[in-house]
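*Asks:* Curious how this folds, go ahead:
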Amino acid sequence: MIQLDNLTKIFETPQGVTTAADHISMEVPTGEICVLLGPSGCGKTTTLKMINRLITPTSGRVLINGEDTTDIDTVTLRRNIGYVIQQIGLFPNMTIEENISLVPKLMGWDVKRCHQRAKDLLDMVALEPNTFMKRFPNELSGGQQQRVGVIRALAADAPVLLMDEPFGAIDPINREVIQDEFLKMNKELNKTIMFVSHDIDEAVKMANKIAIFRDGKLEQYSSPDRLLAQPETDFVADFVGNDRTLKRLQLATAGEVMETQVPIVKADEPLTQAAAKMDEYGHGMIVMVNKQHQPVGIITKEMAATKRGLCGEHYAGVPVVMKHDQELRAVVSKMFAFDTSWLPVVDADGRLCGEVSQRGITHHLGAKYQTKG
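*Replies:* Sure, this is the predicted structure:
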């Protein structure tokens, strides 16, 4: 959807010539989010602004859906590209509905269509339309204003969205909520997004691809996982941080890493059967499930060796279970909190579907990129 072809910007000042963006070439496929990262002055915002010609390129091309934007007049180009900035930029004398409807009205949408679009978008970001449509920006919190700033950029249903540190001024709790809502919303809307950030954790969470800039040059362009696992230069390695392996825990879920062939017992099975299964699988514990295949207890090797009777008469409670869609960062946190090397994993109905272990997580992190390339 977005293709940058040797995009270059040179600024001439009384102090000399500065190359802010130096032959930047990259492609962002339809429906993907690309986050531009790098230190201040590295060229990421300049690159973003050249896409909608807020900054005119010195050379190179921008293509959107295969069309060279050089041949599109600036007003038409900008109306067809959503743009969100950190400072939000809502018009204080307009209601929220009027702010959202501004570009659609300029594009000739009728009043009924604009009203419905504003209503639908407010619903998407958990702002009740009947409550917020007629309010003015100063009647909203900072986080609520930022949500409106994001959906205003989506109002005309442009296929491309540019975002310049859109969540940077929001407190951490609201930022995470808005990020989650935004990702959920884009699954439905399927916009192609380029996004400037200064936060590597935000980039890892939000992006399909990350572009690292340094002194106007594109240093590395790859998936978040590959960027963290295989930084291509010392600069990239330093920028993403020494804890880059831990950051990768955000990029996989318990369901992706769990072992599905795990032993189980039921309450009416003898402890000797539990002991035999633990020996067979080399486990020190085994999960006891009920008739719905939900984990209800744990049998340890010591219990099976020292007690007699049925599993349902001798078991410990399950300290914690992980849902299959929870990220590995949460799994590892629970492992440390409960001093355990493995945890049962359940599906959306609470049925046991596998177990995740420290060894399995370590294998996943180490085995994914055994060779470069």
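
*Asks:* going forward, measure contacts between C-alpha atoms and count neighbours the same way
*Replies:* Noted.

*Asks:* The stretch 151-300 of the chain: strands as residue ranges?
*Replies:* In the stretch 151-300 of the chain, the segments counted as strands under DSSP state E, counting those that start in this stretch are 160-164, 192-196, 209-214, 217-222, 264-266, 285-289, 295-300.

*Asks:* can you dump the C-alpha coordinates of the top helix by length along the chain into PDB?
*Replies:* Longest helix of the chain, by residue count under DSSP state H: helix 172-189. Written as PDB, here are the backbone C-alpha positions of helix 172-189 (Å, rounded to 0.1, in the frame of the first residue of the first chain):
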ATOM      1  CA  PRO A 172       0.700   4.900  31.000                       C
ATOM      2  CA  ILE A 173      -2.600   3.300  32.100                       C
ATOM      3  CA  ASN A 174      -4.700   5.200  29.600                       C
ATOM      4  CA  ARG A 175      -2.100   4.700  26.900                       C
ATOM      5  CA  GLU A 176      -2.300   1.000  27.200                       C
ATOM      6  CA  VAL A 177      -6.100   1.000  27.000                       C
ATOM      7  CA  ILE A 178      -6.100   3.200  23.900                       C
ATOM      8  CA  GLN A 179      -3.400   1.200  22.200                       C
ATOM      9  CA  ASP A 180      -5.500  -2.000  22.800                       C
ATOM     10  CA  GLU A 181      -8.600  -0.300  21.400                       C
ATOM     11  CA  PHE A 182      -6.700   1.000  18.400                       C
ATOM     12  CA  LEU A 183      -5.300  -2.500  17.600                       C
ATOM     13  CA  LYS A 184      -8.700  -4.000  18.000                       C
ATOM     14  CA  MET A 185     -10.200  -1.300  15.800                       C
ATOM     15  CA  ASN A 186      -7.700  -1.700  13.000                       C
ATOM     16  CA  LYS A 187      -8.400  -5.400  12.800                       C
ATOM     17  CA  GLU A 188     -11.800  -4.400  11.600                       C
ATOM     18  CA  LEU A 189     -10.800  -1.400   9.500                       C
END
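
*Asks:* buried set for that helix?
*Replies:* By neighbour count on 16 or more other C-alpha atoms under 10 Å, the buried set for helix 172-189 is Arg175, Ile178, Gln179, Phe182, Leu183, Met185.

*Asks:* repeat for stretch 32-51
*Replies:* 32-38, 42-51.

*Asks:* So this protein: which segments form each domain?
*Replies:* Here the domain parsing of the chain from automatic domain parsing is 2-251, 254-365.

*Asks:* export these to TSV and tack on mean pLDDT?
*Replies:* Converted to TSV, the domains of the chain look like this (pLDDT from 0 to 100):
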stretch	mean pLDDT
domain 2-251	89
domain 254-365	92
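
*Asks:* Pull up the gap between Thr76 and Thr253, please.
*Replies:* Taking C-alpha to C-alpha, to the nearest Å as the measure, Thr76 falls 42 Å from Thr253.

*Asks:* Neighbour count: these two, which is higher?
*Replies:* Thr253 (21 against 11; other C-alpha atoms under 10 Å).

*Asks:* got a list of what the more buried one touches?
*Replies:* His324, Asp325, Gln326, Glu327, Leu328 (C-alpha atoms under 8 Å, 6 or more residues apart in numbering).

*Asks:* Ile200 - how many residues pack around it?
*Replies:* With other C-alpha under 10 Å as criterion, Ile200 counts 20.

*Asks:* One more: Thr245?
*Replies:* Counted with other C-alpha under 10 Å, the neighbours of Thr245 add up to 15.

*Asks:* residue contacts, it?
*Replies:* So Thr245 contacts Leu228, Ala229, Leu365 (C-alpha under 8 Å, 6+ apart).

*Asks:* Looking at the residues you listed, state which has the most neighbours.
*Replies:* Neighbour-wise, the contacts of Thr245 (other C-alpha under 10 Å) top out at Leu228, 22 neighbours.

*Asks:* which residue packs closest to that residue, ignoring adjacent ones?
*Replies:* Distances taken as C-alpha to C-alpha, 6 or more residues apart in numbering place Arg244 nearest to Leu228, at 5.4 Å, with adjacent residues excluded.

*Asks:* repeat for Glu128
*Replies:* Closest residue to Glu128 apart from its sequence neighbours, by C-alpha to C-alpha, 6+ apart: Leu122 at 6.5 Å.
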